[in-house]
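[1] Sequence first, then the predicted structure:
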Number of protein chains: 2
Amino acid sequence: MADIGTLLSEIVGVEHVLAGDAISEDYAHDEALSRDPVKPAYVVRPETAEQVARILKAASDQGVSVTARGSGSGLSGASVPLANGVLISFERMNAILEIDTENHVAVVQPGVTLQELDAKTAEHGLVYTVYPGELSASLGGNVGTNAGGMRAVKYGVTRHNVLGLEAALPTGELIRTGGKYVKASTGYDLTQLIIGSEGTLALVTEAVLKLHPRLPHQGTVLAPFTDLDEVARAVPKVVGSGLGPLIVEYIDGLTMGAITYSSQLKLGIPADVRDTSHAYLVVMLENRTQDRLGEDIEELGELLGGLGAKDVYVLDGPSARKLIDAREKAFFTAKAAGADDIIDTVIPRASLPEFMARTREIAQENNTFVIGCGHAGDGNVHLAVLQKDPEVRARVLRALFEAGIGLGGAISGEHGIGRKHVQSFVELTDPTTVDLMRRIKTAFDPAGILNPGVLF
Amino acid sequence: MADIGTLLSEIVGVEHVLAGDAISEDYAHDEALSRDPVKPAYVVRPETAEQVARILKAASDQGVSVTARGSGSGLSGASVPLANGVLISFERMNAILEIDTENHVAVVQPGVTLQELDAKTAEHGLVYTVYPGELSASLGGNVGTNAGGMRAVKYGVTRHNVLGLEAALPTGELIRTGGKYVKASTGYDLTQLIIGSEGTLALVTEAVLKLHPRLPHQGTVLAPFTDLDEVARAVPKVVGSGLGPLIVEYIDGLTMGAITYSSQLKLGIPADVRDTSHAYLVVMLENRTQDRLGEDIEELGELLGGLGAKDVYVLDGPSARKLIDAREKAFFTAKAAGADDIIDTVIPRASLPEFMARTREIAQENNTFVIGCGHAGDGNVHLAVLQKDPEVRARVLRALFEAGIGLGGAISGEHGIGRKHVQSFVELTDPTTVDLMRRIKTAFDPAGILNPGVLF
Ligand SMILES: Cc1cc2nc3c(=O)[nH]c(=O)nc-3n(C[C@H](O)[C@H](O)[C@H](O)COP(=O)(O)OP(=O)(O)OC[C@H]3O[C@@H](n4cnc5c(N)ncnc54)[C@H](O)[C@@H]3O)c2cc1C
Ligand SMILES: Cc1cc2nc3c(=O)[nH]c(=O)nc-3n(C[C@H](O)[C@H](O)[C@H](O)COP(=O)(O)OP(=O)(O)OC[C@H]3O[C@@H](n4cnc5c(N)ncnc54)[C@H](O)[C@@H]3O)c2cc1C
């Protein structure tokens, strides 16, 4: 039996296979907190879809595990390899193959980053509307995690914006799913099955993405509220207003303090308002015309006032950008502040007050500090958990997941299960469903080489 | 081994099991053309999800086939049972369980019709935005076919509007997928896998549907063009305009003639325009305010004029409703005109001119009459094929599918493969993909009881 390292070199060329000390620390981790780094036996950097398929075939034949890595910005440890496994890095497959302005689609290789794609689509007055907080993330990784982000409340998540894929199966074949059309009823939807599967079913070698016209005018409103319950009660009204908000984020008082402090952001909120506001709502609107945007912002302001906002601040362009930016970087702020874990439970948005109340109880019971912000319009709560003791922390996480599931939600809205939450996922999900998912996994990956230890 | 009829009676009560002559003709067909009706051995009408699960378990144990039926309005023969099989009719599971105005979701049983749901959501100022042409269709059937319809260009198809399911597995368990939230990254998306699977993977016993605010103002524009190529070239510009059209339909001259004639519709188009117009575009806009709608309609008119429309007619409410209604009934008009088949190939929308050119060639080569209309904004072309000779007709259909697939499209945009297009589906799809789908089928349905002969 040939050595896997030799086989990899034959497939991609020896200069694109790394082993031992040639493997940098970067490949050993993603952005998940409190996880030990793991270096794989080999890092391989394919250039073509065919190479990816051949690598998978070789790995299946040899029973060697394979983990896909985009930009390694994931928060669940899903792109962290096994020590005796192969890590496929898609860094060389980073071409934007096409911006099709007639069909409004982009065709990209998986290593393209959101930032690169955004710059390119902007040239054509188009936009790929999935905007997770980290624009260095790759499209392949986005497909892997079903990435979401702030704009999901208007445009949906990755799942709603990927029209088709080329993917390499663990058995060594390439398949194409979907295409440059928004709908089909022609067999099972393999595109959707692969999206969000965290590199456990097939590896994406090309993606067809839906683009939208880039609306030129955006406006942002910041509204302080007495507490999170009030914010939570306002959210359905804002989403249901017909104003079609682009962003509906909540930020709790502590997180707001931390992110404004760390990004030196002055929002001009008087001290008395700030001191009595324990939660904020940030709503962004967009429009084709400045006039309509202005009208809508005014209407939104009135709506928020009626819903208990203590004041309504219409942010100018630079302040708005800074605030959104700081919100996106909230993860790093939390990390710098010593957060030991970040979770992103999703619940029906109307259950936000109940979930937050339960969160406070769980935090208190366990002497743990829990703060957060989140995609309120989607019921997706991002919580930073500060608790050094791993056992207590595990208990807190588990209790939070149970609370979310108890309210009809799920463990993760967009970050994924990865390696971090496997036990909770398997134990808190109905066994029939887990068994079914395992059988689907086997249908794709009979040798079980793709990302073992992730999800199951 | 107990007789399946006895088992069914034990599960649902003898009065809800029909056999022999008690089975009406209705249960023997859907709306697919040129298909012979087939009466099943038993029709069973369960009342609860548990009963559905028990029926499936019994059928799996006995190796008896099971076909699900909603309203039987499908166009691909997918709800037509096998002669020795069981037909589950969901007519008694027809309750709207909840309209949740905070989370903007409806929870329904599968037998609820679109019409019933629309009436109910209207009371709350909300709307379920999936509007296929036949409002007697059931939500279970809509999930089965991934139903689309005219409004998909703005709001997506069933796939984009179903948030969660309760479903009975062929192995006899009930599972719940998704929930009252728009996104999750927590294991494989079983909701999406079941949607569009035409009753071959699991049977839906409850669905959680996404609702939107019901915008009060709608306006419709009808634009005649010289030919279909011009219409096709206009479509991407209309979709990309930022006007966010609710409907972008094309209707060819003959079909327009037929539907206006059969519904006694007077649109006030002067004879000279009508005689030189071989294709029409119908665009509907909606808005929160009448003013904005008016402005947008005006802008749309100018846009269409610049794109070669011979004139632009803004239809008043009743005329617009009548035209849309007539368009929705185009199927029945085609049927009355002697159509022998209807297909709904989907292609990248910019390929519409090429596809239509190829359609004309195929029709001519085979002495066949092919006319149509379609969801132009989605590249979904509905063609009525008039050709009595089944062999020639099969050749025409196959050539049309090949043409669509050759342009990067798929056999069906929304009607499904069903029993009608199985051979084309299996032969024109890459064998690796078909094999993978078969393995997925087996993962759900090891005994192969669910709708055998559909898809594969
Ligand atoms: C500051 C910060 C903010 C963030 N904000 C958000 C947010 O708002 N919303 C959100 O959803 N996420 C957010 N994230 C998480 C992260 O950016 C996303 O999960 C992103 O999708 C990861 O992309 P990546 O390229 O870094 O993937 P990686 O971390 O490299 O991999 C993620 C997963 O995808 C798989 N994968 C990678 N490439 C492929 C491929 N070609 N084929 C198949 N599977 C593949 C991997 O195996 C792994 O399972 C944030 C992260 C940070 C650090
Ligand atoms: C005039 C006319 C216009 C139409 N216009 C459109 C259109 O614009 N867009 C469009 O998409 N379709 C259209 N259709 C087709 C049809 O309305 C849709 O396919 C609809 O989804 C069928 O719903 P049904 O309840 O009649 O399903 P059925 O015909 O009863 O069944 C359809 C499929 O769903 C399965 N099924 C039924 N119930 C369940 C369940 N509970 N669980 C799992 N599977 C189930 C069946 O087994 C079958 O495979 C039109 C049909 C007509 C007659």
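    Yep, it's here. Ligands and ions are numbered 1, 2, ... in the order given.

[2] which residue is nearest the middle of chain A?
    Residue closest to the mean C-alpha point of chain A, counted by CA atoms, centre = their mean, is A:Ala147 at 3.4 Å.

[3] Up against chain B, what does the stretch 201-350 of chain A have?
    Applying CB under 8 Å from any CB of the partner chain, we find that the stretch 201-350 of chain A lies next to chain B at A:201, A:213, A:215, A:236, A:239-243, A:288, A:292, A:346-350. C-beta: built from backbone N, CA, C; applies to glycine.

[4] Closest one of the residues you listed to A:Phe425?
    When these are ranked by distance to A:Phe425 (CB to CB), A:Val346 comes first, at 13.6 Å.

[5] who's in contact with whichever residue of the stretch 351-456 of chain A sits closest to ligand 2?
    At 15.9 Å from ligand 2, A:Leu436 is the closest residue in the stretch 351-456 of chain A, using CB to the nearest ligand atom. Residues in contact with A:Leu436 (CB atoms under 8 Å, 6 or more residues apart in numbering or on different chains) are B:Leu169, B:Ile175, B:Leu190, B:Ala443, B:Phe444.

[6] Switch the residues you listed over to a markdown table; also include distance to A:Lys183 and neighbour count.
    Formatted as a markdown table, the contacts of A:Leu436 follow (distance: CB to CB, whole Å; neighbours: other CB atoms under 10 Å in any protein chain shown):
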| residue | distance to A:Lys183 | neighbour count |
| --- | --- | --- |
| B:Leu169 | 26 | 22 |
| B:Ile175 | 25 | 20 |
| B:Leu190 | 19 | 24 |
| B:Ala443 | 25 | 20 |
| B:Phe444 | 23 | 23 |
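
[7] and the two most separated of the residues you listed?
    In the contacts of A:Leu436, two members sit farther apart than any others by CB to CB. They are B:Ile175 and B:Ala443, at 12.9 Å.

[8] Return the residues in contact with the closest residue to A:Ala350 other than its chain neighbours.
    Spatially, and ignoring its direct neighbours in sequence, A:Ala350 is nearest to B:Glu102 (3.5 Å; CB to CB, 6 or more residues apart in numbering or on different chains). Listed by CB under 8 Å, 6+ apart, the contact set of B:Glu102 reads A:Pro236, A:Pro348, A:Arg349, A:Ala350.

[9] Most neighbours among the residues you listed, which one is it?
    Neighbours here mean other CB atoms under 10 Å in any protein chain shown. Within the contacts of B:Glu102, the largest count is held by A:Arg349, at 27 neighbours.

[10] out of the contacts of B:Glu102, who's nearest ligand 2?
    Each of the contacts of B:Glu102 was scored against ligand 2 by CB to the nearest ligand atom, and A:Pro348 proved nearest at 23.5 Å.

[11] Quick one: end-to-end distance for stretch A:186-204.
    21 Å (CA to CA, to the nearest Å).

[12] Please apply the same query to stretch A:133-142.
    Start-to-end span of stretch A:133-142 (CA to CA) is 12 Å.

[13] Any residue of that stretch touching chain B?
    No - counting by CB under 8 Å from any CB, chain B has no neighbours in stretch A:133-142; the shortest distance is 10.7 Å.

[14] Now do the strands in the stretch 51-200 of chain A.
    Ranges of strands in the stretch 51-200 of chain A, per DSSP state E, counting those that start in this stretch, are A:66-69, A:86-89, A:96-100, A:105-108, A:126-127, A:162-168, A:174-178.

[15] pLDDT value on the residue in chain A positioned nearest to ligand 2, please?
    Closest residue of chain A to ligand 2, CB to the nearest ligand atom: A:Ser185 (7.3 Å). Per-residue confidence at A:Ser185 stands at 95 (pLDDT).

[16] Same check on A:Phe425?
    Model confidence at A:Phe425, given as pLDDT, is 97.

[17] how about the residues of the stretch 101-250 of chain A that lie near ligand 1?
    Taking CB under 6 Å from any ligand atom as the test, the list of the stretch 101-250 of chain A residues beside ligand 1 reads A:110, A:132-134, A:137-138, A:140-145, A:147-149, A:198-199, A:203-204.

[18] Out of the residues of the stretch 201-350 of chain A next to chain B, which comes closest to B:His415?
    Taking these together and measuring to B:His415 by CB to CB, the closest member is A:Leu201, at 27.9 Å.

[19] For A:Leu165, see how far away the closest residue in space to the closest one that isn't next to it in sequence is.
    Distance criterion CB to CB, 6+ apart; nearest residue to A:Leu201, sequence neighbours excluded, is A:Phe444 at 4.3 Å. To A:Leu165, A:Phe444 is 13 Å away according to CB to CB, to the nearest Å.

[20] so which of the residues of the stretch 201-350 of chain A next to chain B is the most crowded?
    Neighbour counts for these, by other CB under 10 Å, peak at A:Val346, which reaches 30 neighbours.

[21] give me the beta-bridge partners of that one?
    Per DSSP bridges, residues listed as beta-bridge partners of A:Val346: A:Asn380, A:Ala410.

[22] Look up how far A:Val153 lies from it.
    Counting by CB to CB, the gap from A:Val346 to A:Val153 is 12 Å.

[23] Overlap in contacts, those two.
    Counting by CB under 8 Å, 6+ apart, the shared contacts of A:Val346 and A:Val153 are A:Asp378.

[24] ok so, going back, let's have the contacts of A:Leu436 in JSON lines, adding pLDDT.
    Formatted as JSON lines, the contacts of A:Leu436 follow (pLDDT from 0 to 100):
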{"residue": "B:Leu169", "pLDDT": "98"}
{"residue": "B:Ile175", "pLDDT": "98"}
{"residue": "B:Leu190", "pLDDT": "98"}
{"residue": "B:Ala443", "pLDDT": "98"}
{"residue": "B:Phe444", "pLDDT": "98"}
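
[25] Going by distance to A:Gly301, which of the residues you listed wins?
    The nearest one, if we look at these relative to A:Gly301 and count by CB to CB, is B:Leu190, at 41.8 Å.

[26] these two touch, right, the closest one and B:Ala184?
    No - when contacts are counted by CB atoms under 8 Å, B:Leu190 is not listed as touching B:Ala184 (11.0 Å).

[27] shaky segments in chain A?
    A:1 (pLDDT under 70).

[28] can you rerun that using 80?
    Across chain A, the ranges flagged by pLDDT under 80 are A:1-2.

[29] Domains in it, by residue range?
    The record assigns chain A these domain ranges, following automatic domain parsing: A:2-89, A:96-213, A:217-328, A:336-417.

[30] most tightly surrounded among the ones you listed?
    domain A:96-213 (a mean of 23; mean count of other CB atoms under 10 Å in any protein chain shown).

[31] Could you tell me the end-to-end distance of it?
    Here domain A:96-213 reaches across 18 Å from its first residue to its last, counting by CA to CA.

[32] How about stretch A:334-347?
    With CA to CA as the measure, the first residue of stretch A:334-347 is 22 Å from its last.

[33] Ok, stretch A:128-146 next?
    This stretch, stretch A:128-146, spans 14 Å end to end (CA to CA).

[34] Then stretch A:243-262?
    Stretch A:243-262 has an end-to-end distance of 32 Å (CA to CA).

[35] ok, now stretch A:302-311?
    For stretch A:302-311, the first-to-last residue distance is 10 Å (CA to CA).

[36] Over to stretch A:25-45?
    Terminal residues of stretch A:25-45 lie 16 Å apart, using CA to CA.

[37] Any chance of the contacts of B:Glu102 in JSON lines with secondary structure as columns?
    Conversion of the contacts of B:Glu102 to JSON lines gives the following (DSSP: H, G, I helix; E, B strand; the rest coil):
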{"residue": "A:Pro236", "secondary structure": "helix"}
{"residue": "A:Pro348", "secondary structure": "coil"}
{"residue": "A:Arg349", "secondary structure": "helix"}
{"residue": "A:Ala350", "secondary structure": "helix"}
